[in-house]
Structure formats: structure tokens, C-alpha cells
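> from the sequence below, what's the structure:
(2 chains)
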Amino acid sequence: MLTITVNGQKRQVSSPEGTPLLYVLRNELDVNSPQFGCGMAQCGSCSILLDGKEVRSCITPAVMASGKEITTIEGLPDRWAKQKHLSPAQAANTLHPVQEAWIEQQTPLCGICQSGMMIKATELLESNPNPSVEQIKDVFTNSAPSPHLCRCGSYIAIIDAVRFASTLMAKGGAQ
Amino acid sequence: MIEVIEALSDVTAPLPIAETNTNIYGAQLTRRGFLKTGGTLVVGFSLVRSGVANAEAPADTPIRAFDAALVGSWIEIRPDNTVSFRTGKSDFGQGTVYTAYRQIVAEELDISFESITTVFTADTDTTPEGGGTFDLLGRGTPNIRKAAAYARQALMQLASEKLGVPKEQLTVENGVVSVTVENGIVPNAGKSIKYGDLVKGQNLKLTIPVVGELTSIFGLNVTGNPPMKPVSSYKVVGKSFKNSIIPTKVTGKELWVTNVKLPGMLHARVIHPATLGSTLISAGKVDKQKYPNAQVVVKGNLVAVVSPSEWEAIEVASQVAEQTKWSEWKSLPPQAKLYDHLRNESDWKSATVSKGRKNIGDTAAALQSAAKTLTATYAMPYLKHAPIGPTMALADYRPDGTVTVHGHTQNAQALRGQIAMMLGTTVDKVVIKTYPGAGHYGRSNGGNAGAEDEAVILSKELGKPVRVQWMRNDDMQWSTQSPAAYADVKIGLDANNRISSYQIEHYMPAGQDDRLIGAVLAGLPTMPAPSEKGGILNNTANGPSDPWMYDAVPNLTELCYGTYQVGQKASPLAIGLRDHTMRTPGQFQQNYPREIAINDAAALAESDPIQFRLDHAKDQRMMNTLRRLREEHGWESRPSPSPKAAASGSAPIRGQGVSVMLRSNTYWACACQIAVTPDTGAIKVERMTIVSDPGIVINPEQLKRQVEGGAVMGVSIALHEEVAFNESGVTSENWYSYPILTMNEIPDIKVVLIHNPEAGIYGQGSEAPNALASPAIAAAIFDATGKHVRKLPFRPEYVKQMLKI
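Sure, this is the predicted structure:
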């Protein structure tokens, strides 16, 4: 049996260790935000953070996460609270700036790709707190293993939201 | 799907007491005495919160439909002054039902946006109207607006009686009815009462007139003419309220259709036939030693693998697929010969030929005497709707013959009718629950998106809830697609370089095939394949879909020819390349050739393409939209091609192009600036301006986001999209073989919304930008190079080839 830390909680996994994380998260651990889009790492709708790095859960075997830490968008508020050393009372009412920005900029259209988009944005902003529009486009297009795809065409809204999240983070979060 | 913005309040059952009736502008207000507690404008049902993850057993959910003739099926006003409304439309990311519809209801009732605390959408057992989720605003008066207008009049009647003054002396603000004192002293001057107090303790029912058929694509429509609020006094419409469903979508709390689970549910993967015309020879077997819990299900040509474990279902399906044998079939035309096939080997005679609504004069004679002529053919490939999440559905068939489908559809009531037809039962046995999911862009507006009927068939076979998830390749290869089309154009210019004759012939196979593919494969009943004898939705005729915009042209002939779907007649299962409406259906296929042809004619006339359009137009809204575009884009007024045009070299060359469209009461104009590198054929769309006059702009921020999204899809269609196929079927199977636009490729997009309240109508916001890009980009390529591109998509190989001509 594997042990994986998911959004700050240690979880035991009984699925066979070759099972892709997407199915372990959704069907065994009831963490439902990563979405099945292609099953072949071509679209990014299943993205999660594995020790802070964006990976495609649809092709990543569960065993690869053994002893590691997974963050999905359910865990973004806690991730931010920890990074900012917020008290539990403050943390309870706090969203991650990426989430605040996605709401403020009214980014999702259908929204099925946006969990993966927010994971990619979080990864980017943790390494580059103030990315330019060109850097945002580059990261969402040219990072391995594939571009992050949105069929509704929300790319402009995503760029707006990443820029807005950057501003929020610089201010220490939404006020 | 129920979007509870705040908690629901309880509704108490009525006590039986004698009733009284009052006529309210053709609606009937029925009063049945008083209640001890609660009360609403309409009572008679309690509300069950359903659809939570690990949903409660559907046996607890009563199978029923709301009576659309009751306004309470649409709107409920509660004693605590909160309001809920119901719509048969679903949300696919337009946000309309959570923003524009709420604004419209709030406006008609004169209540705050926030006091609408619950919105019920689409589920067949909780919403009244049915109808496809398209054109949500375009027909001017959404059902929900009229229902609200009736409800308001009923409330005014009640207030008039309560306050003892005629209705004319009442005003409403924020749900509070007050007696006005403008005309001197009246009884109860200055008194007021809240809506909530008007319904408190009352047992009220308002019956409103509706017409239509619940499970048809258009559903039910509210009729009659209740007085509606004048646009000049709008307060809620026009403001950028946020979409209430976004917070749950970005925090992982949304109950997506993909997240719905039922106890004991099995995961299924369908092994679709090897070709679009194959029949099953033998199904593969499960390695039971290795996978004791998995099993193969075969019904006719429908083959599936089920397992309690999703990953096991995927692994086993892949093994079983390899062993499953299908008959061979190679009767599609090769892709390279698609347009030859359409032109020379298709039957364009059996279906009725449709004529344009504005045909006038004698184009043939005018062409004879033209000073200059242009003859051209424009062609568009098959396109995929290509939702990011492949279709899926969870069905629960019960021993009592009822079935609940948990799905994601643009037309739940139509799907309900289709499933009932497949099962040979009545619609009261079928409930469709809908949840948020991937955008469908029209694919499910007739009911199904692909997986629903397969889930029902498998659940019935196995006696357990079954969740069917199509894999990426299933969704690319077994879903419907937007039909390919071509158009032949002949234009004559007179001695003054004005169009004297315009003739266009549109050729497109049947554009809407809503047959249930699982039913077709399993040999179960479903609607007939498209034919010349079909009804409005499955007829092979091609209708005029793109309103003519150039009313100064004296001689006009528009003809539309339709035929069977490619491969349909040759497939033993009548499958072939199944088509379906996709954003701006039919209109895209007609607007694209027309708008490039107008650009080509402007070039022939050596005129600026915007001025050329203005010179041939009479419609003031269109002309204003074009003039605004010229200013906002920084358009260079001059003929194409550009003085700097070149068809060779390694340096990027810039060009500009324009297109217009009228769709559902909204006027659109688009200009783009592109850079083309002749040596590589690469196109970069650098900048795009879209001007839209939808009449009344209901929610500027939401509309802007929709327009941006459509524009991005439009660029994607122009530069990349084309369904690949061979003689057996679709070979586009994933995002590498069906590429769509990536973030790096988006242009800077400027959206200009013209708020035009004088139009007095809500135009449809979100459709058209997807269609505007292609003709504008084609024109810009000509502007940059002096060479014509007329066949979509404008991929580098094609552009390079055209530049050498």
C-alpha cells in the first residue's frame, strides 16, 4: 500500500501502484478537481502539483507519488496559508490569490480545463512572481509535455488572471 | 442542475379551500385561501436538493415534469422576499442563466439581483420549458422574461387589492410596492408592502399561456403579451454582475458531471467499431484470471467492457479491442477527394433547393452585361466541436422501467424523449439530470452528446448504474462534426465598380444528425437518419442561414443545396460522417464564402473593403458597426492588396482584412491584422478588433469574455482545424491529429460593445466571433500577398502552395 500526501493530508492508497494518479485521486480519494481530458498528457486538464511541479496525473503512475506531496486546487488555500504563515482563523476565509484572480477576472467559460490552468499558474507564480504576458504565453504553451488547451478560448482571461494574481500576491493576497 | 446561491426556504403544503380566479393579461391568478405558514406566489411542490456527489438514490427522486403553464414552474416568490427561477436551458460556460437571465428576471420584477437566491437549470424533473441551449437571448424575449412579467402583474394585482388603490398608482422598487401620490391625495398614500408580504400565508397559483412541445428541440414557449418594463427604466440589466457558478469551479467544490458517483456503479468503456460501416464479427474476451471483476457486454454491434474499477475498464477495453473482429468497410471518399466527391458524386437534387430570402432581379442577365466578373469557389472542411472533456454519462436503469441519466446536455427534455423512444417507453419514465461539464458548442442541442444512450443500454443490460466515459479517440472519431461545405460564386461589377450581380450557390450535406449512436449500434429504435423526407431537424435540405447584408445590390441569387451525409448511404449502419450543428451552424458555411467574395469583389473594384461594404449596404446598424470598426481598429482605408504586398521572401508581410455578420439580432464586424511569412506559409494573427451591436447589452463583462472566447476559436478554425479521415472513418484521434489554437498563437483582441437600447431587443451575445475570423484572415492574407486563399484551414503548406500560383 502506498502513502501519498494529498493537500496536506497523508492518505493510504490501495489501488494498484501502476494506476494513474488521476483515477486514484478521483475514484479512491474523492479528490475530483483534476479532470479527464485526453488520457495522454496532451491537454493539461488533469494537472496537479507533485512536490510543487506540475505533472499530468492521467499518465503519472501512483507509485511515482509515493512519499511525495500532491496539491490540487482543493488544496491551494492551505498551500497559500502555509506560505504566508496565516493563523487558522485567517486561513479559513482565504482563497489562494490564483483562485481570487480567476473569480475577479471571470476566467472560466465552461471551466473544465481551468483546474489544470490554475495549477500551471500556481507553479509559474511560485517560481516567477511577476511574469510578463510573453512569459505566461510561453509557459502555458511550451512547457513539457504539451500546451495547456482551452477549447472555449479563455486564454486572454487566463493571462489577465495570472497578471492579477501576481499583483495580489505582491500585496500579500486579497484584502 | 440546481445552483443554490443561498439556502432554500421551506414551502408548506396547501390547505384545501375554495378558490377564486383573476385574469392577469391572459394569465389566471388562482387563490385557494390561506396557509398557516410559508406561502409563495405559487405553491404545490416541495423542492428536493439533489445531485450531490455520491447522489442519494434516484428512487427517492420523484419522476415528474413541471407544469409549464404554471408560473410557479418558472418563478417562485417567497415570504422572505427571496426568489428562485427555473429554466430548461443549461449552462455550458456562457454564464447566461446565472447572469443575464437573473438580471432579466430581477429587472422585470423590480427586485435586486441578489434576491434571486436559487436558479434551477435543465433537469427534466425540476424545470418547465425544455428547448435547446442556444440562442438564449437572440429571439428577443426569453421565456423567463415573459414569465417574470406575468408574475409582476399578478403581484401588482395583489398589492392593488391590499393597498386599496388602482394598479396605476403603484410603483415598485427593490421588491417593495408603494402607493404614489403624484395625482393628488389618494387613499393609503405613502403606504408600501413587500412582495414577500403579498404572498405570505397565501396559496396562490398563476397559470400562464405556453405553446410548443416539451421534448422538441425548441421546447415550450411562453406566449401572450404581458406588459414589460420599458428599456429606458432598466437598472439591473446593463451591469457587469459576476457569474455565481465560478467560485465553485475554481475551488474544486463544483459537482461536475464527471464527479457524479452512485453506489455500486460500474465504469464502462465502449469499443466502437473499427470503421464507420463495420459490423461485429466477434467480440474479444476478458482475461478472467487477471481481471475477475471485468466483463464484456455485447448488444448487436455495441461492444463494451465494464468493471467496478475505472482503470481496469480502460486496460481491459484496450485488450478486448485488439481481439475484437469487425467487418471491413472502405466507402468514404479519400479526404483529398472530398470536394470532388461533394461536387461530382453527391445527390444535390433529392432535397428541396432553398432560395435566399432577399433574392431579387435577374443575376444571369446582369452578369452578361457586367464590366468585370469574378468566379470563385470557397471550401470549408469538417470541424470537430472538440470539447476538452470527452462525452460521458451515468445511467441508472431500475427494475420498474424508469431510468435516470446523469449527464451534460444542451437539451435535457429532447434527450429524455430520445431515451424514451429507444426504450419503447413513455417520457414520464425518464429523468435527465444535468451538471456542469465541458463546452459542447452545439453538439448536444438536439439532446445527446454521444455517451448517454450507451450508458442507458448498459445499465439496463446489467441492472446496475453504469458510467460511460468516452476516451479522447472515441470523442474525436465517433462524435458528430460540423459539415464540410463549398460555395460557387459569380459576381459582376458595373462600369462604376459597383456590384450589379451577385450569385452564390451553397452546397452542404445534412447538418443535424441527432440519432443515438448507441441505439444505432445496438439495433434499438432511434430517429431516422437525415433524408429529403425528414422533419425540420433531420432533413437533407440546406436552408439560407446567413442574412444578406448588401441591400444596394440590384440583382441577387442565393441558392442552398443539401444532400445526404457523406458515407451515410454506403454504410450498412447508415452512419458515415455524421454531422451536427456547431456554433453559427450553416451560417458559418454561408458567411465565410460570402464575406471573402465581397472582399474579392472589393479588390476587383479597387475599393477599400470597408467602404465597399458601406457603399452596398442600407441597414444603419450594420453601417454604424462597420464605421465604428474602422475607427477602433485603426483601419488603413485603401484597396487590397497592400502597396507592400509580396508573395515571396522570408520577411513577414502585414495585411488587414474585414468581415461582417448579422446573427440573431446582433450586428458584428471584425478586422484583423496578420503577418504572413511567404517562404514558410506561416500566418501570425497579430491583432483583431471585434465590434458588436447586440441591441441591449445585458452584462458587458460576461459578453466581452464570450466574444474573446469565440474569437480565439475563430482563429483556431482559420489556422488549424480540419477533420482528417480516410475511406473507413475519422483519423483525427487526439489533439495532435486535431490541433487547436494554443495560448502563444492568440492575437491581441479588442472587443467593442455598442450598447444600443433603442433596438429594444437583447441580441445573442456569444455566437458569431467564431465565424468572423476566417473570412477576415483570408482577406488579410490577400492584402499581404496579393494571392487568394479560399479553402480552410490556412495551414502553412496550403498558404505556401497558394502563394506560388
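
> just the element for whatever residue of the stretch 301-450 of chain B ends up closest to chain A, please.
Nearest residue of the stretch 301-450 of chain B to chain A (Cβ to the nearest Cβ) works out as B:Gly439 at 3.7 Å. For the C-beta atoms, the positions are set from N, CA and C on the backbone; glycine is no exception. For B:Gly439, there is no host helix or strand (DSSP states H and E).

> contacts only, for it.
Counting by Cβ atoms under 8 Å, 6 or more residues apart in numbering or on different chains, B:Gly439 touches A:109-110, A:112, A:151-152, B:92-93, B:387-388.

> now for B:Thr731, how many residues are close by?
The local packing of B:Thr731 (other Cβ atoms under 10 Å in any protein chain shown) involves 15 other residues.

> confirm for me that it is in contact with B:Leu577.
No. In this structure B:Thr731 lies outside contact range of B:Leu577 using Cβ atoms under 8 Å: 11.8 Å.

> which neighbours do those two share?
Taking Cβ under 8 Å, 6+ apart as the criterion, B:Thr731 and B:Leu577 both touch B:Phe725.

> for the residue nearest the centre of chain A, give me the pLDDT.
Central residue check for chain A by Cα atoms, centre = their mean: the C-alpha nearest the mean position is that of A:Ile119, 2.1 Å away. Listed pLDDT for A:Ile119 reads 98.

> for B:Ala27, phi and psi?
Main-chain dihedrals, B:Ala27, degrees, to the nearest 10: phi -90, psi 160.

> how about chain A: which residue is closest to chain B?
Using Cβ to the nearest Cβ, the single residue of chain A nearest to chain B is A:Gly153, 2.9 Å away.

> list the buried residues of stretch B:399-406.
For stretch B:399-406, burial by neighbour count (16 or more other Cβ atoms under 10 Å in any protein chain shown) applies to B:402-406.

> stretch B:683-693 now?
So for stretch B:683-693, counting by 16+ other Cβ under 10 Å, buried means B:683, B:685, B:687-693.

> with respect to chain A, which of those residues is nearest?
When the buried residues of stretch B:683-693 are compared against chain A (criterion: Cβ to the nearest Cβ), the nearest one is B:Met688, at 10.8 Å.

> am I right that the closest one is in contact with B:Ala711?
Yes. Using Cβ under 8 Å, B:Met688 makes contact with B:Ala711 at a distance of 5.9 Å.

> shared neighbours of those two, anything?
B:670, B:747, B:749, B:773.

> what's the farthest-apart pair in these?
For the shared contacts of B:Met688 and B:Ala711, the maximum inter-member distance is 11.0 Å, found between B:Cys670 and B:Pro747 (Cβ to Cβ).

> what about the two, which has more around it?
In terms of neighbours (other Cβ under 10 Å), B:Cys670 is the more surrounded of B:Cys670 and B:Pro747; the figures are 30 against 21.

> contact partners for the spatially closest residue to the more buried one that is not a sequence neighbour?
What sits nearest to B:Cys670 in space, not counting adjacent residues and going by Cβ to Cβ, 6 or more residues apart in numbering or on different chains, is B:Leu772, at 3.7 Å. B:Leu772 makes contact with B:659-661, B:668-670, B:690, B:711, B:714 under the criterion Cβ under 8 Å, 6+ apart.

> which one of these is nearest to chain A?
Set against chain A, the nearest of those by Cβ to the nearest Cβ is B:Ala711 (6.8 Å).

> tell me which residues of the helix or strand hosting B:Asn770 come out buried.
For B:Asn770, the element it lies in under DSSP H and E is helix B:769-785. Neighbour counts over helix B:769-785 (16+ other Cβ under 10 Å) mark B:769-785 as buried.

> how about the helices of chain A, start to end?
Applying DSSP state H to chain A gives helices spanning A:21-23, A:76-83, A:88-92, A:97-104, A:114-127, A:133-142, A:155-170.

> now do the longest one: which elements does it pack against?
Read that as helix A:155-170. Judged by 3 or more Cβ pairs under 8 Å, 6 or more residues apart in numbering or on different chains; DSSP states H and E, the packing partners of helix A:155-170 are helix A:97-104, helix A:114-127, helix A:133-142, helix B:700-719.

> returning to that earlier point: list just the nearest of the shared contacts of B:Met688 and B:Ala711 to B:Val427.
Using Cβ to Cβ, B:Ala773 comes nearest to B:Val427 of these, at 40.7 Å.

> residues touching B:Asp347, list them.
B:563-564.

> could you measure from it over to B:Pro544?
Counting by Cβ to Cβ, to the nearest Å, the gap from B:Asp347 to B:Pro544 is 20 Å.

> could you do B:Lys644 as well?
In this view, B:Lys644 and B:Pro544 are 39 Å apart by Cβ to Cβ.

> of the two, give the one with the bigger neighbour count.
Per other Cβ under 10 Å, whichever of B:Lys644 and B:Pro544 has more neighbours is B:Pro544, with 19 against 10.

> which residue is the nearest non-sequential neighbour of the more buried one?
Computed as Cβ to Cβ, 6+ apart, the closest residue to B:Pro544 that is not its neighbour in sequence is B:Gly356, at 4.9 Å.

> re the thing from before, export only the CA atoms of the helix holding B:Asn770, formatted as CSV.
Taking C-alpha atoms only, helix B:769-785 is exported to CSV below (Å, rounded to 0.1, in the frame of the first residue of the first chain):
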residue,chain,number,x,y,z
PRO,B,769,-17.0,35.7,-33.3
ASN,B,770,-16.0,32.1,-34.1
ALA,B,771,-17.2,32.7,-37.7
LEU,B,772,-15.8,36.1,-38.2
ALA,B,773,-12.1,35.3,-38.1
SER,B,774,-11.8,33.0,-41.1
PRO,B,775,-13.0,35.4,-43.9
ALA,B,776,-11.2,38.3,-42.3
ILE,B,777,-7.9,36.4,-42.1
ALA,B,778,-8.4,35.2,-45.7
ALA,B,779,-8.8,38.8,-46.8
ALA,B,780,-5.7,39.8,-44.8
ILE,B,781,-3.6,37.1,-46.5
PHE,B,782,-4.7,38.5,-49.8
ASP,B,783,-3.9,42.0,-48.6
ALA,B,784,-0.4,41.0,-47.6
THR,B,785,0.4,38.8,-50.6
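
> which is the next helix or strand following it?
Using DSSP H and E, the helix or strand that follows helix B:769-785 in sequence is helix B:796-803.

> what's the angle between that next one and helix B:700-719?
Inter-element angle recorded for helix B:796-803 and helix B:700-719: 70 degrees (by axes from the mean of the first three to the mean of the last three Cα atoms, to 10 degrees).

> B:Phe134 contacts B:Gln410, doesn't it?
Yes. B:Phe134 lies in contact with B:Gln410 (Cβ under 8 Å); the separation is 6.8 Å.

> the more surrounded of those two?
A count of neighbours by other Cβ under 10 Å puts B:Gln410 above the other of B:Phe134 and B:Gln410, at 28 against 23.

> and for B:Glu254, nearest residue in space, chain neighbours not counted?
With sequence-adjacent residues excluded and distances taken as Cβ to Cβ, 6+ apart, B:Glu254 is closest to B:Thr248, at 4.1 Å.

> give me the secondary structure label for that neighbour.
Three-state call for B:Thr248 (DSSP: H, G, I helix; E, B strand; the rest coil): helix.

> shaky segments in chain A?
Within chain A, the segments meeting pLDDT under 70 span A:175.

> before we move on, back to that, deepest in the core, which of the helices of chain A is it.
Mean neighbour count (mean count of other Cβ atoms under 10 Å in any protein chain shown) peaks for helix A:21-23 among the helices of chain A, with a mean of 27.
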